[in-house]
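# Following is a predicted model, sequence given first.
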Amino acid sequence: MKLSCLQENLNRGLSIVGRAVATRSTLPITQNILLSAEQSRLKLAATNLEMATTCWIGAKVKQEGDITVPARLLIDFVNSLPNDLIEINLPANSRILELKSGHFQAHIHGIDAADFPPIPQINDGITTTIEAASLREGITQVAFAAATEESRPVLTGINTEFDGEQLNLVAADGFRLAVHKTTLGSPVSVKTTVIVPARTLNELNRLLGEQEEPVEITVNEKKSQVLFRLKDAELVSQLIQGSFPNYSQVIPQSYTTRAVVDINEFLRVTKMSSIFARDASGIVRLVITPGSELTPGKVTVSAQAEEVGDNVGEIDALTDGEEAKIAFNVKYLSDVLSVLSQAQVALELTTPSSPGTIRPIGVDNYVHVVMPMFVQW
C-alpha cells in the first residue's frame, strides 16, 4: 500500500469514523481503524459490532492495499501534524504502517485487514431518501428524549416509522415523549416500523453537519439492519428488537389551559430557576395566570430550595382558559426549549397531575409531552 493525501482530509475522515470505534471490547481489533487504498480514494472504516461507519477521502494511490491500526494512536498522531501532505506506506508483507509528513514520521504496528469484522452490506429491503436538513431537525428534536438506561432497551432507541411519504420519529424515556413528523423524498412501498438506537442517530446527526445532498436510507427488517448513505460516508447499524409502547395514547387530546410564550424568554426564565432547582430535586413550579382586557396573561416560573433560597420569574403570555398550576423537572423543560427553532411555543395543561404538552407555534409536525412532578402547593 502506498499513497499520499492531505492532513486536513485524513483528519476529517478519521473524525468521522473514530466515533464508531469500540471503547471496551473483547475483540481487540474493533479498537482499530481499517485503512484501504483503492483506485483514487482511501477508505476508512470502524465498527463496534453494533454500528459501523465507513468514509472515503481523496488520495493519490500508487499501490493498493489494506491494514488496520490502533484508532486512538492514529487519530492523535494525524491530528498533531501540520496541514500538509501525508505519505502513507505499507511495505509488502509488513504490518508496520509508515506515515511521513515534512519533518515528521511515525511507524504504527497494525493487524491484518483480513481479521477485521466485515462491514455489513445492505442491498435489499425498503429504500428511500430524505433531505439532510429535515432529517437533522427530526433527530435533534427527538433524540434527547430517549432513555439512557438499559433497563428497557426499546426506550434507548428511536421508533422510526416509514409510512408512504411520511417519516415519524418518536422517542420516550418514561418521563417525556417527543414526536416529530417529516416528509420523505421518495415514498416507501410498504409501511415499515423499526427501532434505531439513539446512539446511531446522534452519530448520524453529527455526520449530517456538512451534508447538503439528500440522505439515502435502506432498512432490512430480516437482517435487522439500517443503512444511511451520505455523500462520502456510510453508517450501518443494528436495530433494537422489541415493540415500542403505544405512544399515541400518551398525547393529551384536549386542554383546559393554554399559554403561548416567546421561546427565548421561556428558556431564560427556566434556566434561571434551574440554578435554585438544583438543590430541590430539579423541581420548577409553573403558574399560568389568564389576562384581562387590559393586561396580558403571564406564566410564572419559580423554584425553591429550603436551605438555599428561591427565585421567581414572570413572562408575558397569550392565555386561553382558566388559571393552572403544574410542576416539572427543569431539565426536561429546558431540553425541549433548547431544540426548537420557532419563535413561540404553546404550553397546554389540564390538571397538576396530568402530562403537559409543548407545541411550537407555526408548525404542526412536532409535539412534546412531559410528565408532571408532584409537589405541595
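Perfect, thanks for sending it. Since the structure is predicted, the reported quantities are computational estimates derived from the model, not experimental observations.
# Could you double-check that residue 257 lies in contact with residue 318?
No: at 11.9 Å, residue 257 does not count as touching residue 318 under the criterion of C-beta atoms under 8 Å. C-beta coordinates here come from the backbone N, C-alpha and C atoms, glycine included.
# So for the two, which sits in the more crowded spot?
residue 257 (22 against 14; other C-beta atoms under 10 Å).
# Residue 14 contacts residue 33, doesn't it?
Yes: at 6.9 Å, residue 14 counts as touching residue 33 under the criterion of C-beta under 8 Å.
# Mind listing the shared neighbours of the two?
44, 71, 74, 75 (C-beta atoms under 8 Å, 6 or more residues apart in numbering).
# Could I get the buried residue list for the strand or helix carrying residue 133?
In this structure, residue 133 sits in helix 132-142 according to DSSP states H and E. For helix 132-142, the neighbour count (16 or more other C-beta atoms under 10 Å) marks 132, 134, 135, 136, 137, 138, 139, 140, 141, 142 as buried.
# ok, so of the shared contacts of residue 14 and residue 33, who is nearest residue 156?
Nearest to residue 156 out of the shared contacts of residue 14 and residue 33 is residue 71 (C-beta to C-beta; 24.2 Å).
# and residue 120, helix, strand or coil?
coil (DSSP: H, G, I helix; E, B strand; the rest coil).
# check contacts around the spatially closest residue to it that is not a sequence neighbour.
Excluding its sequence neighbours, the residue lying closest to residue 120 (C-beta to C-beta, 6 or more residues apart in numbering) is residue 236, at 5.2 Å. By C-beta under 8 Å, 6+ apart, residue 236 lies in contact with 51, 52, 54, 119, 120, 122, 225, 226, 227, 228.
# ok, now residue 358?
Going by C-beta under 8 Å, 6+ apart, the list of residues near residue 358 reads 336, 337, 345, 346, 347, 348, 367, 368, 369, 370.
# Distance-wise, check residue 117 relative to residue 47.
In this view, residue 117 and residue 47 are 6 Å apart by C-beta to C-beta, to the nearest Å.
# Flag every buried residue along the longest helix that the chain contains.
Identified as the longest helix of the chain according to DSSP state H is helix 263-277. For helix 263-277, the neighbour count (16+ other C-beta under 10 Å) marks 263, 265, 266, 267, 269, 270, 271, 272, 273, 274, 276, 277 as buried.
# Also stretch 340-357?
Quick answer for stretch 340-357 (16+ other C-beta under 10 Å): 340, 344, 345, 346, 347, 348, 349, 350, 352, 355, 356, 357.
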